[in-house]
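Participant: My questions concern the predicted model and sequence given below.
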Amino acid sequence: MTDVTARRRRNPFSGLSFGAILLEARAFLALVVIFAIFSFLAPTAFPTLSNIVVMCQQVSVYAILSVGMLVVILDGGIDLSVGSTLGLAGMVAGLCMQGIPIGGVVLYPAVWVVVIIAVATGALVGLVNGLLVARLKVAPFVATLGMLYVVRGLAELSTNGLTVNNLDGKPELGNTGFDWLGFNSLLGIPIGVWVLVVVGIAASLLLNRSVYGRWLYASGGNQRAAELSGVPVRKVKVRAYVISGVCAAIAGVILTSELTSAGPTQGTSYELTAIAAVEIGGASLMGGRGTVRGTLLGAFVIGFLAAGLTIVGVSAYVQTVFTGAVIVLAVLLNGIQYRRRRAATTASKNPPPPTSSAGTGSTSRVPVTAEEPTA
Amino acid sequence: MVAEHTMREHKSGTPVLSAREIVKTYGATRALKSVNFDVHAGTVTTLFGENGAGKSTLMKILSGVEQPTSGSILLDDRQVEFADTNDARAHGISIIHQELSLASNLSVRDNMFMGRELYNAVGRVDYKKEEQLCRTVLSDLAEDIDPATPLSELRLGQQQLVEIARALLADSRILIMDEPTSALSAAEVEVLFRVIDDLTSRGVSIVYISHHLEEALQVTDYAVVLRDGAITATALAEDIDLEWIVRHMVGENFDLGTPPTGYEFGDVALSIEDLSVEDPKDPARLLVDHLSLDVREGEIVCLYGLMGAGRTELLEAVAGRTPTVSGDVRLNESDVSKLSLRERLAVGLGLVPEDRQRDGLVQTMTVGQNLSLASLGEFVRGLFISRPAERAHVDEAIKDVRVKTSGGGAMIGSLSGGNQQKVVIGKIVSTAPKVLLLDEPSRGIDIGAKSEVFRLIAERAKSGLAVVYSTSEVGECLSIAHRIIVLRRGRIVAEFPPTASKEEIMASSGEAVVA
């Protein structure tokens, strides 16, 4: 009995119905459908190489943010502060380009130093989030909601709400080239997209191949069991938020470069888009489940949908409605998948054996939280 | 064996509830194969069977949680079909789960009428009437519980009685109790049994499921044994004994093993000195009270005691999970008292926790990922985990602890309880511990798996591992342990050799001796 079911699990598509395949690959299929529909509606504007490149560039900012969010969500947390962190990192980069006055001298750091300072700012915000959550036991939602305000406030304070416009640098100061990130291409592909590729590969390796990744999935899946297995769960948590902060800062630097200006309100409400992408990508908000691949697909679904709707001339208001509907649909599908799993499992309400208490085949996992409300 | 017809004459005769030729299939698996099951008015019927025998499935069908694939349910000789649990409850059948379905933030009264609130003429909740009914039902159960008490202030045993009272309030004639005593103290069990007696004398029928065979045998009128989805035996409780039940449950004689012999114990591996643990809810009380214990290499020590005797608290404190207020723990002569759980695991002190689901396994991961979780460091090559190294280890561990699975890639949830337990043990054993602590390693697993788990532990001890395991079933003390330590209120009250009798051990723990 276990043999059959286990084999099925390892090869998720064998012996499953067409419907199940649709569910498994839904983010990918959604992307294909969106692409097909807009290619049909706007055959001259949507499926062109230049438009695809532009769309990918737009998506890359959200996608990098989403990868960081995924790491936190895998741990069973949430990071609402990423939009603000993105804004602050952009401001830090912008101000550094204007020079750092230290004791009467104004330092003009090179662009790569500016990027490092901005990313370090993101890491610092993540560290504060992580310490609040892991050490001081503040609920992730509340801790990062607080940081959303604090960080946004700091970004606004830094210029009293003004936008930093001149990011060109001066050749004689040796700090030119900030626009490289936002405007240049390598092999016809924008730098922002390359950064996304690097972030995506790095995150994939981290999650699938490193000890940290395994610890993260274990902590998110069952923190108590992970702790008893010697997993340093608090350290894992702190690092998850640091990773999220770093991703947000990278996205902030890219966005600032693309816009050639650093505005303190940049990235407002981006955290919600990032959460949506992770969710469309099939991750569980309860933690322990989700993939980089899914999350990236989720980000592209949202991005291509928005771009496509703009191209066919749908108003921004209607776009918002569409995006919301897609998110709800994705979560609904998650629910269906979850119920199918449960139906296939004899998920018992009694704690001892969660499955097969009746000797039945179980196709897959019983979520730790699978508690059925009893009347 | 007892003939069918004697059963019929016992007590009130005709069955109230009958399941006829119930078949339940999940995919290709047949969980129930044409089961006939009767519940007689005013009697207790206990369903015995190992995990996976089909007990839960049958109970779910009787209580409307699931629908049978084929077969029928007769209530008072009329065929009925239950769409869901509410439907079954309307027909007078209630199920009381091990996990109580009460809201701890509400009062006893509000819990009893949850979802069935009484309204007065103007459409507001009639609290007075509710309270009055509540008192009547509770006093029928001879329980002195004020309806206004918040549920959270009641002991678990009392909460369970509230759940029973709630079922009675809904005019339930048939109560299905799934492992009702698993979390109760001996005194609370007595109260529950008294209530069951009282209920049956009023004509309520009880269907009872329990892993505590002795206990169940005490309370039941009928014994029904399920094995592999079919009923293998039915009998009157007075005509049978434990042996009979076990024989029909497993289909063969079982043996939990004997203490491994043929070698000398080594040096003292684990030394606990003057260890105390506070009750977090009441710092004046010590859950472990200045306790000292030495365990040698190769020795197996069994900790026996009732609920609240301090077994779990002792083991968790030794493993470094909970803080202590006094005392030292030494591992091979070196003091580990200052180390964290993680550090103690690294130096060779491993704990297999009591609650497999809550503390032992990561349900979202595979068998292999669970097995390697505690020893990941060994497979790291450069920056990453080496998949071949990990797979080789996992394959070996699966063989080593005899997990029945298709391979490391199977989801952990696809395994039976016993195999899941073996995975938890395998995970800790993978860290090559010198001392292995196991908190109720046999909890919630069937007898076949129990004896395998014990054999596994005994083998390890033979190669020099010091083992401390705890149990709340006296039969499990007299298996592989070289020494049986009885705990009571956080202290060691007695120590026995493996030749001791069950009665001796139970008497020293403060438990009433079961005849």
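Facilitator: Perfect, I can see it now. Numbering: from 1, shown residues only, chains lettered A, B, ... in the order given.

Participant: And the residue nearest the centre of chain A?
Facilitator: Among the residues of chain A, A:Ser66 comes closest to the average C-alpha position under Cα atoms, centre = their mean, at 1.1 Å.

Participant: so how far is chain B from the closest residue in space to that residue that isn't next to it in sequence?
Facilitator: Leaving aside its chain neighbours, A:Ser66 sits nearest to A:Ala277 (4.0 Å; criterion: Cβ to Cβ, 6 or more residues apart in numbering or on different chains). C-beta coordinates here come from the backbone N, C-alpha and C atoms, glycine included. From A:Ala277 over to chain B the distance is 20 Å, taken as Cβ to the nearest Cβ, to the nearest Å.

Participant: Pull out the buried residues from the helix or strand that contains A:Ala277.
Facilitator: Assigned by DSSP states H and E, A:Ala277 belongs to helix A:270-280. The neighbour-count check on helix A:270-280 (16 or more other Cβ atoms under 10 Å in any protein chain shown) flags A:Tyr270, A:Glu271, A:Thr273, A:Ala274, A:Ile275, A:Ala276, A:Ala277, A:Val278, A:Glu279, A:Ile280 as buried.

Participant: do stretch B:400-417 as well
Facilitator: B:400-401, B:403, B:405-417.

Participant: remind me which residues of chain A are low pLDDT?
Facilitator: Across chain A, the ranges flagged by pLDDT under 70 are A:1-24, A:337-375.

Participant: Please apply the same query to the stretch 401-515 of chain B.
Facilitator: Those would be B:444, B:510-515, if you go by pLDDT under 70 across the stretch 401-515 of chain B.

Participant: Enumerate the residues of the stretch 151-300 of chain A near chain B.
Facilitator: A:205, A:209-211, A:214-215, A:217-218, A:220-222, A:224-232, A:284, A:288-289 (Cβ under 8 Å from any Cβ of the partner chain).

Participant: what's around the nearest residue to B:Asp335 once chain neighbours are set aside, how many residues?
Facilitator: Of all residues beyond its chain neighbours, the one nearest B:Asp335 is B:Asp328 (5.8 Å), with distances taken as Cβ to Cβ, 6+ apart. B:Asp328 has 15 neighbours, counted by other Cβ atoms under 10 Å in any protein chain shown.

Participant: quick one: the helices in the stretch 201-350 of chain B?
Facilitator: B:213-219, B:242-250, B:311-319, B:341-347 (DSSP state H, counting those that start in this stretch).

Participant: okay if I get these as CSV plus mean neighbour count and distance to chain A?
Facilitator: As requested, the helices of the stretch 201-350 of chain B are exported to CSV (neighbours: other Cβ atoms under 10 Å in any protein chain shown; distance: least, Cβ to the nearest Cβ, whole Å):
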stretch, mean neighbour count, distance to chain A
helix B:213-219, 19, 15
helix B:242-250, 18, 14
helix B:311-319, 25, 8
helix B:341-347, 18, 4
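
Participant: Compare those helices and give me the one nearest A:Ile117.
Facilitator: Among those, helix B:341-347 comes nearest to A:Ile117, with 34.6 Å by Cβ to Cβ.

Participant: Kindly spell out which helices and strands sit in contact with that closest one.
Facilitator: Under the contact definition 3 or more Cβ pairs under 8 Å, 6 or more residues apart in numbering or on different chains; DSSP states H and E, helix B:341-347 sits against helix B:311-319.

Participant: repeat that for 10 Å
Facilitator: Where contact means 3 or more Cβ pairs under 10 Å, 6 or more residues apart in numbering or on different chains; DSSP states H and E, helix B:341-347 is packed against helix A:223-228, helix B:311-319, strand B:326-331, strand B:349-352.

Participant: Can you mark which positions in the third one are buried?
Facilitator: Think strand B:326-331. By 16+ other Cβ under 10 Å, the buried positions in strand B:326-331 come out as B:Gly327, B:Val329, B:Arg330, B:Leu331.

Participant: angle of that strand against helix B:311-319?
Facilitator: Per axes from the mean of the first three to the mean of the last three Cα atoms, to 10 degrees, the angle that strand B:326-331 makes with helix B:311-319 is 70 degrees.

Participant: ok so, going back, need the least confident one among the helices of the stretch 201-350 of chain B, by mean pLDDT.
Facilitator: In terms of average pLDDT, helix B:242-250 trails the rest of the helices of the stretch 201-350 of chain B, at a mean of 75.

Participant: quick one: low-confidence ranges for chain B?
Facilitator: Ranges of chain B meeting pLDDT under 70: B:1-13, B:27-29, B:50-52, B:98-99, B:142, B:182-183, B:250-254, B:307, B:444, B:510-515.

Participant: can you point me to the longest strand in it?
Facilitator: Of all segments of type strand in chain B, defined using DSSP state E, the longest is strand B:282-296.

Participant: Neighbouring strands of that one in the sheet, and parallel or not?
Facilitator: When pairs are called by DSSP bridges, strand B:282-296 turns out to pair with strand B:268-279 (antiparallel).

Participant: Could you say which helix or strand holds the nearest residue to A:Ser284 once chain neighbours are set aside?
Facilitator: Nearest residue to A:Ser284, sequence neighbours excluded (Cβ to Cβ, 6+ apart): A:Gly290, at 6.5 Å. A:Gly290 belongs to no helix or strand when assigned by DSSP H and E.

Participant: Domains in chain B, by residue range?
Facilitator: Domain assignment for chain B by automatic domain parsing gives B:1-92+B:174-188+B:204-253, B:101-172, B:255-348+B:434-515, B:363-432.

Participant: give the contact list for A:Arg239.
Facilitator: By Cβ atoms under 10 Å, 6 or more residues apart in numbering or on different chains, A:Arg239 lies in contact with A:Val71, A:Asp75, A:Gly126, A:Leu127, A:Gly130, A:Ala134, A:Leu206, A:Tyr212, A:Trp215, A:Leu216, A:Pro232.

Participant: swap the cut-off to 8 Å and go again
Facilitator: By Cβ atoms under 8 Å, 6 or more residues apart in numbering or on different chains, A:Arg239 lies in contact with A:Gly130, A:Tyr212.

Participant: And it, how far from A:Val246?
Facilitator: Noted for A:Arg239: a distance of 10 Å to A:Val246, by Cβ to Cβ, to the nearest Å.

Participant: what do these two both touch?
Facilitator: With contacts taken as Cβ under 8 Å, 6+ apart, A:Arg239 and A:Val246 have no neighbour in common.

Participant: What segments of the stretch 101-250 of chain A are strands?
Facilitator: With DSSP state E, counting those that start in this stretch as the criterion, the stretch 101-250 of chain A has strands at A:105-107, A:185-186, A:189-190.

Participant: Just after the helix or strand hosting B:Val493, pick out the following helix or strand.
Facilitator: Using DSSP H and E, B:Val493 falls within strand B:491-496. Heading C-terminal from strand B:491-496, the first helix or strand you meet, by DSSP H and E, is helix B:502-509.

Participant: what is the orientation angle of that following helix with strand B:491-496?
Facilitator: Here helix B:502-509 runs at an angle of 160 degrees relative to strand B:491-496 (the same axes, to 10 degrees).

Participant: thinking again about what came up before, what residues does the residue nearest to A:Ser66 make contact with?
Facilitator: Listed by Cβ under 8 Å, 6+ apart, the contact partners of A:Ala277 are A:Tyr62, A:Ala63, A:Ser66, A:Met69, A:Thr295, A:Gly298, A:Ala299, A:Val301, A:Ile302.
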